[in-house]
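Colleague: need coordinates for the below:
(one chain, ligands or ions: 1)
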Amino acid sequence: MKNAVVTGGASGIGRSIAERLRADGHHVATLDLNPSDTDSDGTLALTADVTDRGAVDAAIDTVRERLGPVGILVNAAGMEGHKRFRNLTFEAWHQVVDVNLNGVFHCIQAVLPDMTDAGWGRIVNISSSSAHSGQPFMTHYVAAKSAVNGLTKALALELGPQGITVNAVPPGFIDTPMLRRSEARNLLGGTIDDHIARTPVRRAGRPEDIAAACAFLVSEEAGYITGQILGVNGGRNT
Ligand code: NAP
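Modeller: Numbering: from 1, shown residues only. The predicted structure is shown next:
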């Protein structure tokens with residue numbers, strides 16, 4: 001049983017990961033922009049913007065006070081953006097990179113001393129299958145998620161000797177509030193059924209599919225797996 005922090009844990013994939021890790025016996029804290037009701041199920045729900053280093057450090061200090069040192073970090077907080085590149089402002093570019101990439105930097109740095117002291121740690125970064133396939137009108141998002149995959153590979157080499165593994169899970173097409181918002185704004189490049197027809201296993205992904213992969217990667221028995229990008233996408237991107 002470890003103390004786990006899941007960012008973006010109030011919604012969608014992050015929420016499912018938090019529930020799964022808790023079911024597996026870990027003590028779980030979530031970090032998210034808005035308060036959630038996850039406290040009621042025994043999860044420590046904290047409000048923090050992952051782009052704000054001071055807020056992240058304060059939240060991790062609270063986790064240490066309430067639960068103890070952090071052994072597991074899953075970075076699932078994220079935001080999408082849809083804009084034709086020629087019309088993309090630097091501010092919009094920066095915001096998407098700030099949440100999806102810089103937020104990962106801040107959260108890993110905030111928990112790393114605990115893992116280094118323990119000589120054990122598990123870090124999983126939720127990137128995106130779009131980092132593999134590309135996605136029109138999402139250059140900022142795809143660039144940030146590609147960078148998360150790169151960070152994962154480089155950091156795994158650096159932290160392996162300290163007993164800390166670093167892996168990434170790029171989801172494919174997962175039915176979450178984020179996906180439904182894109183569908184409502186007609187930004188999916190087709191209907192959800194169109195996407196399902198192009199997915200070898202013929203269904204949309206569920207948050208629980210991502211949670212299952214994370215549960216394995218943070219386990220003791222996954223200790224020989226690091227620097228890997230484990231696609232969970234119904235076979236659509238390999
Ligand atoms: P979601 O339901 O929108 O959940 C994302 C959570 O992150 C939300 O609770 C959101 O809060 C929070 N968040 C956003 N910005 C934040 C910030 N600056 N600091 C702290 N929390 C922040 O989306 P999801 O689909 O579960 O996505 C989870 C992760 O999977 C994201 O990294 C996403 O890029 C990735 N992903 C998802 C899919 C998919 O098909 N769903 C595919 C590929 C990758 P608010 O709701 O208050 O903004």
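
Colleague: and residue 176, its phi and psi?
Modeller: Dihedral pair for residue 176: phi -140, psi 170, per degrees, to the nearest 10.

Colleague: for burial, what's the neighbour tally of it?
Modeller: By the criterion of other C-beta atoms under 10 Å, residue 176 has 21 neighbours. C-beta here means a position set from N, CA and C on the backbone, and glycine is covered the same way.

Colleague: find the nearest non-adjacent residue to it, please.
Modeller: In this structure, residue 176 finds its nearest non-sequential neighbour in residue 12, 3.2 Å apart by C-beta to C-beta, 6 or more residues apart in numbering.

Colleague: and if you look at residue 7?
Modeller: Distance criterion C-beta to C-beta, 6+ apart; nearest residue to residue 7, sequence neighbours excluded, is residue 77 at 3.9 Å.

Colleague: the one you found should be in a helix, yeah?
Modeller: No - with DSSP: H, G, I helix; E, B strand; the rest coil as the criterion, residue 77 is coil rather than part of a helix.

Colleague: which stretches of the protein have low pLDDT?
Modeller: By pLDDT under 70, the low-scoring segments of the chain are 37-40, 238.

Colleague: centroid residue for it?
Modeller: By C-alpha atoms, centre = their mean, the chain has its centre lying nearest to residue 76, at 2.2 Å.

Colleague: which positions in this structure make contact with the ligand?
Modeller: 7-8, 10-14, 32-34, 49-51, 76-79, 99, 103, 126, 128, 171, 173-174, 176-179 (C-beta under 6 Å from any ligand atom).

Colleague: from memory residue 222 sits against residue 215, does it?
Modeller: No - in this structure residue 222 lies outside contact range of residue 215 using C-beta atoms under 8 Å: 9.4 Å.

Colleague: more neighbours: those two, which one.
Modeller: Neighbour count, other C-beta under 10 Å: between residue 222 and residue 215, residue 215 has more, with 19 against 16.

Colleague: of the residues of the chain next to the ligand, buried ones?
Modeller: Those of the residues of the chain next to the ligand that meet the buried threshold are 7-8, 10-14, 32-33, 49-51, 76-79, 99, 103, 126, 128, 171, 173-174, 176, 178-179, by 16 or more other C-beta atoms under 10 Å.

Colleague: from those, which land in strands?
Modeller: Within those, residues falling in strands by DSSP state E are 7, 32, 126.

Colleague: and the closest residue to the last one other than its chain neighbours, how far is that from residue 11?
Modeller: So that's residue 126. Counting by C-beta to C-beta, 6+ apart, residue 126 lies nearest to residue 76, which is 4.4 Å off, once chain neighbours are set aside. According to C-beta to C-beta, to the nearest Å, residue 76 and residue 11 sit 9 Å apart.

Colleague: and the longest helix along the chain, what's buried?
Modeller: Of all segments of type helix in the chain, defined using DSSP state H, the longest is helix 139-159. Buried residues in helix 139-159, counted by 16+ other C-beta under 10 Å: 139-149, 151-152, 155-156, 159.

Colleague: quick one: the strands in the protein?
Modeller: Ranges of strands in the chain, per DSSP E, are 3-7, 27-32, 44-47, 72-75, 121-126, 164-169.

Colleague: separation between the residue lying farthest from the centre of the chain and residue 147?
Modeller: Farthest-out residue of the chain from its mean C-alpha position, per C-alpha atoms, centre = their mean: residue 86, at 28.4 Å. Distance, residue 86 to residue 147, by C-beta to C-beta: 22 Å.
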